[in-house]
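Colleague: fold the following, please.
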Amino acid sequence: MLFFTNSNNITIKFYTDKLGFKENRRFNPEKGLTIAFLKEDGESMLELTEGIENLDPSMKGQNGLFMVGLEVSDMNKTARKLQNNGVKFTRGPIDTPNGTKIAFLKDPQGVQIELIQPP
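Modeller: Just a heads-up that it's a prediction; the model follows:
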């Protein structure tokens, strides 16, 4: 999954109309925040977010790639392996109420990486 901030319907239309993605789902987890998941033929998904600055004020006015999401099959095993390789998590691993496990780290360029284990 790739995450882009400050997306809007124009951005979604670009990915769907021009690049062939199909909108998989869209929801508003909190007031002022919209998340749209776009899917192509394979397993990969693209996540476009609008209003992230409402949750993280440091994102105000920023556009572009700020986070990459990677699905993992076993969060505990993956976290141990990464930590043994010297990777430090910025948050998590966290068990969410719906059973998804998430964890966050940053790459050397400062791009946030979210690890996601679906329920």
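Colleague: mind naming the longest helix for this protein?
Modeller: Counting residues, the longest helix found in the chain (DSSP state H) is helix 75-84.
Colleague: tell me what that one is packed against?
Modeller: Counting contacts by 3 or more CB pairs under 8 Å, 6 or more residues apart in numbering; DSSP states H and E, helix 75-84 packs against strand 91-95, strand 101-106, strand 112-117. Any C-beta I mention is one placed from the backbone N, CA and C, and that applies to glycine too.
Colleague: CSV for those strands, including mean pLDDT?
Modeller: Shown next, in CSV, are the helices and strands packed on helix 75-84 (pLDDT from 0 to 100):
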stretch, mean pLDDT
strand 91-95, 93
strand 101-106, 91
strand 112-117, 86
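Colleague: turn the ones you listed into TSV, columns for distance to Thr34 and mean neighbour count.
Modeller: Supplementary listing: the helices and strands packed on helix 75-84 in TSV, determined by distance: least, CB to CB, whole Å; neighbours: other CB atoms under 10 Å:
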stretch	distance to Thr34	mean neighbour count
strand 91-95	22	14
strand 101-106	19	18
strand 112-117	18	18
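Colleague: out of these, which is closest to Thr78?
Modeller: For those, the distance to Thr78 is smallest for strand 112-117, at 6.2 Å, taking CB to CB.
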